[in-house]
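Enquirer: Here is a sequence with its predicted model. Questions after.
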Amino acid sequence: MKLLEDVSLAEHSTLGLGGPARYLAIAEHEQDVASIVRWARRQGLDLAVLGGGSNVVVSDAGVDAVVLKIALRGLSWDRARGRVEAGAGEPWDDLVAQSVARGWAGLECLSGIPGHVGATPIQNVGAYGQEVHEVIRSVRVYDRQLGSVQSLSNEACRFGYRDSLFKSIAPERFVVLAVQFQLGPSGKPAIRHARLAKAMCTELSPTLAQVRDHVLALRRAKGMLWTPHGETLRSCGSFFVNPVVDPEIVSRVRQASAAEPPTYPQPDGRIKIPAAWLIEHAGFGRGHSAGRVGLSPHHALCIVCHAGATASDVVEFARAIHAAVHERFGVVLVPEPSFFGFGEALTTVPAFFAT
């Protein structure tokens, strides 16, 4: 394993912000993960797990801990069964592109999402009518509590909307090593999302590749397509999760705004409201700027950093949005990224975002 001391985490995050990690350990093999976990325990040090850095905010003070960066690579395709197993450190969109090129359905609408494979079951990533839990067969993990490698079934992962066992139930217990997906060779693309269906309306029998191209175009138009030299280089994508609320909260939102909010009924009787709509109608329009940080001119969910920005700037700006939405609509927005080095707990969400 690679163990480095006093390493800036800014270069390991798409926000490009944050102080140093006391130690940065890079795991390129499964056995490295177990070794690093045991080493940190012997040293009496906390451990934080980092993937591609596209969904994390690191404090300006850094992290007084061992940061374990997952760099496990490898793809194994099983044509007969329609399965692919990917190492947790594989770039996510590369996997999507390869599955589409092979004609394997199941990931096409998740095109253009930054980060690594290992983060997808943690966040249960979703976009344009697809969620990754629909095609996850199992997740290979290192269990820090038992000190062993396990394979967890889809059911055991306890997937929910942008949630999982790994995120909210046992966030400090498991390290994702690999994910096995059950895809559909020669399958048809999923076109469930209204905006995607409208974009695809001229295609008589759309292919997986055409769906991927349209999804990438939609993400690009919203400023949500991360590129090494693009505007979103210094952002972490969607900063808040779309809230799912009770009907009485929807009534309050309607009363507080002259405009009718978009609503999406859920199977449990609750209703999803786009966080971007709430943010814009709480006074934070696209392109809104507050000094060294602001909102993308293309999407109100994307906080972007300007020259000289700090992690504190990002958090305070997000806090202002959070407070404004709650004050006007009574809706509590939940942040999507992980937070390293804020508060007493190593990876806790700052207290003012508490639900």
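Expert: Received, thanks.
Enquirer: can we go C-alpha only for contacts and neighbour counts from here?
Expert: Noted.
Enquirer: Quickly list the domain ranges of this protein.
Expert: 2-70, 75-221, 240-335 (automatic domain parsing).
Enquirer: so where is the protein shaky, pLDDT-wise?
Expert: 226-233, 343-352, 354-355 (pLDDT under 70).
Enquirer: Now with 50, please.
Expert: Applying pLDDT under 50 to the chain flags the ranges 231-232.
Enquirer: residue with max distance from the center of it?
Expert: Centroid-distance maximum for the chain: residue 204 at 32.7 Å, with Cα atoms, centre = their mean.
Enquirer: Surely residue 68 is within a strand?
Expert: Yes: the assignment for residue 68 by DSSP: H, G, I helix; E, B strand; the rest coil puts it in a strand.
Enquirer: what residues are up against it?
Expert: 24, 25, 26, 27, 33, 36, 47, 48, 49, 50 (Cα atoms under 8 Å, 6 or more residues apart in numbering).
Enquirer: and those residues as CSV, adding distance to residue 182?
Expert: Below are the contacts of residue 68 laid out as CSV (distance: Cα to Cα, whole Å):
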residue, distance to residue 182
24, 33
25, 31
26, 29
27, 26
33, 26
36, 31
47, 31
48, 29
49, 26
50, 25
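Enquirer: Adding neighbour count, distance to residue 159 and secondary structure, write the residues you listed out as CSV.
Expert: As requested, the contacts of residue 68 are exported to CSV (neighbours: other Cα atoms under 10 Å; distance: Cα to Cα, whole Å; DSSP: H, G, I helix; E, B strand; the rest coil):
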residue, neighbour count, distance to residue 159, secondary structure
24, 25, 30, strand
25, 26, 29, strand
26, 20, 28, strand
27, 22, 26, strand
33, 24, 24, helix
36, 21, 28, helix
47, 22, 24, strand
48, 21, 22, strand
49, 17, 20, strand
50, 27, 21, strand
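Enquirer: Residue 17 is in contact with residue 313, isn't it?
Expert: No: using Cα atoms under 8 Å, residue 17 makes no contact with residue 313, being 10.2 Å away.
Enquirer: Which one's more surrounded, the two?
Expert: residue 17 (27 against 18; other Cα atoms under 10 Å).
Enquirer: picking up where we left off before, list just the nearest of the contacts of residue 68 to residue 221.
Expert: Residue 221 lies nearest to residue 50 out of these, by Cα to Cα, at 28.7 Å.
Enquirer: returning to that earlier point: give me the distance between the residue farthest from the centre of the chain and residue 262.
Expert: 29 Å (Cα to Cα, to the nearest Å).
Enquirer: what about the closest residue to residue 253 other than its chain neighbours, how many residues close to it?
Expert: Distance criterion Cα to Cα, 6 or more residues apart in numbering; nearest residue to residue 253, sequence neighbours excluded, is residue 329 at 5.1 Å. Number of residues near residue 329 (other Cα under 10 Å) recorded here: 20.
Enquirer: wait, what's in contact with residue 329?
Expert: Residues near residue 329 by Cα under 8 Å, 6+ apart: 249, 252, 253, 256, 278.
Enquirer: could I get these as a markdown table with neighbour count?
Expert: Shown next, in a markdown table, are the contacts of residue 329 (neighbours: other Cα atoms under 10 Å):
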| residue | neighbour count |
| --- | --- |
| 249 | 16 |
| 252 | 14 |
| 253 | 21 |
| 256 | 15 |
| 278 | 29 |
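Enquirer: just curious, which of those residues is nearest to residue 11?
Expert: Out of those, the member with the shortest distance to residue 11 (by Cα to Cα) is residue 278, at 32.1 Å.
Enquirer: which strand residues sit across from residue 294 in the sheet?
Expert: On the basis of DSSP bridges, residue 294 is bridged to residue 289, residue 304.
Enquirer: need the contact list for residue 114.
Expert: 52, 54, 91, 92, 93, 225, 226.
Enquirer: quick one: it and residue 51, what's the gap?
Expert: Remark: distance between residue 114 and residue 51 (Cα to Cα) = 11 Å.
Enquirer: Same question for residue 44.
Expert: Per Cα to Cα, residue 44 is found 23 Å from residue 51.
Enquirer: okay, the two: which has more neighbours?
Expert: residue 51 (24 against 10).
Enquirer: my guess is the more buried one contacts residue 72, does it?
Expert: No: Residue 51 is beyond contact range of residue 72, at 9.9 Å (criterion: Cα under 8 Å).
Enquirer: Now the common contact residues for the two.
Expert: With Cα under 8 Å, 6+ apart as the test, residue 51 and residue 72 both reach residue 89.
Enquirer: residues of stretch 273-285 that come out buried?
Expert: Under the neighbour-count criterion of 16 or more other Cα atoms under 10 Å, stretch 273-285 has 273, 274, 275, 276, 277, 278, 279, 280, 281, 282, 284, 285 buried.
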